[in-house]
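Asker: no sequence for this one, just the structure:
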Ligand SMILES: [Zn+2]
């Protein structure tokens, strides 16, 4: 009986440890919220799934959030983690919602080479959903960064 209890406890501990582990590369990164492909597909719209789970890119100027400048918070469309603040949004003219900074700690970064050069990929630190990329041609007056984010990966919560 004691042995059985010990076994039970060690299984529970093991599970807690493995879900709390944070790793640095995206391939082996584990997330607080993790679902199967089938689950994501049933919960997300087609474009959300394409962007967030297949690292796709929405058509420029296709997101109603591109021209949204209301006060509020942009949260992850998949898990509702706050990712960007309305006050840090600017019009980059690219057709994608753009921000000069993220909400620190809630956005994680990787690298991809889709276009033959290295860019900084951004994803939700909670669920791993792909968001967009960060570039160094943002507003010089503030951070100099341009976080180019797919509107499909965001939900807007007005203040
Ligand atoms: Zn998320």
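Answerer: Thanks, I have it. It should be emphasised that the depicted structure is a prediction, and the values quoted were computed from it without experimental measurement.
Asker: For the spatially most central residue of the chain, which residues count as its bridge partners?
Answerer: By Cα atoms, centre = their mean, the chain has its centre lying nearest to residue 124, at 2.4 Å. Judged by DSSP bridges, the bridge partners of residue 124 are residue 107.
Asker: so how many other residues sit close to the closest residue to residue 143 other than its chain neighbours?
Answerer: In space, and not counting its chain neighbours, residue 143 is closest to residue 100: 4.6 Å by Cβ to Cβ, 6 or more residues apart in numbering. C-beta coordinates here come from the backbone N, C-alpha and C atoms, glycine included. Neighbour count for residue 100, taken as other Cβ atoms under 10 Å: 20.
Asker: With residue 53 instead?
Answerer: Residue 53, neighbours per other Cβ under 10 Å, totals 18.
Asker: Was I right to think the residue nearest to residue 143 contacts residue 145?
Answerer: Yes - under the criterion of Cβ atoms under 8 Å, residue 100 makes contact with residue 145 at 5.7 Å.
Asker: Which neighbours do those two have in common?
Answerer: Residues touching both residue 100 and residue 145 comprise residue 138, with contact defined as Cβ atoms under 8 Å, 6 or more residues apart in numbering.
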